[in-house]
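Visitor: Here is a sequence with its predicted model. Questions after.
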Amino acid sequence: DVCTRCRKVISDSRIAAELIDAHGRAFKFRTAGCMAKFLKANPADQADSLFATDFPTGRLVKISAVKFVPRMMGEGPDRARDYVAYYADAGAADAAQRAGSTPVDWQRVLADATAE
């Protein structure tokens, strides 16, 4: 699969995200950050149809049920800050401590996104 926004291959499904539109079509994203940037550029009321992959389990969960841990991802010129989703608060707190960051909710991820 390729990301709906950036067209890059979704190489790690543990950090992927998904949007289901009103017609039941799935739009897949490489990361939650990529989905947030897509929504900034293409505003839509899809709050109930947004999902992120829980990093430890690999299961898609509603975006409102997860905490995101900001961290640097990628290699070389593609290296950028993005987010890893955790369904369990304890898992998010532990991952954030290791990454030297603080867990955030979806509204913060969306607010920090820039439309491209």
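Guide: Alright, I've got the coordinates. Numbers count the residues shown, from 1 in each chain.

Visitor: so where do the strands sit in the protein?
Guide: In order along the chain, the chain carries the following strands (DSSP state E): 17-20, 26-29, 50-53, 60-62, 67-73, 80-86.

Visitor: Mean neighbour count and mean pLDDT added to the ones you listed, as JSON lines?
Guide: Where C-beta positions appear, they are placed from N, C-alpha and C, glycine not excepted. Compiled in JSON lines, these are given as follows (neighbours: other Cβ atoms under 10 Å; pLDDT from 0 to 100):
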{"stretch": "strand 17-20", "mean neighbour count": "20", "mean pLDDT": "94"}
{"stretch": "strand 26-29", "mean neighbour count": "19", "mean pLDDT": "93"}
{"stretch": "strand 50-53", "mean neighbour count": "24", "mean pLDDT": "96"}
{"stretch": "strand 60-62", "mean neighbour count": "15", "mean pLDDT": "95"}
{"stretch": "strand 67-73", "mean neighbour count": "20", "mean pLDDT": "87"}
{"stretch": "strand 80-86", "mean neighbour count": "22", "mean pLDDT": "87"}
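
Visitor: gap between the spatially most central residue of the chain and H23?
Guide: Nearest to the mean C-alpha position of the chain, by Cα atoms, centre = their mean, lies A32 at 1.3 Å. For A32, the distance to H23 equals 22 Å [Cβ to Cβ, to the nearest Å].

Visitor: How about R108, nearest residue that isn't a chain neighbour?
Guide: Leaving aside its chain neighbours, R108 sits nearest to F68 (7.5 Å; criterion: Cβ to Cβ, 6 or more residues apart in numbering).

Visitor: Check S11 too.
Guide: That would be R30: by Cβ to Cβ, 6+ apart, it lies 7.7 Å from S11.
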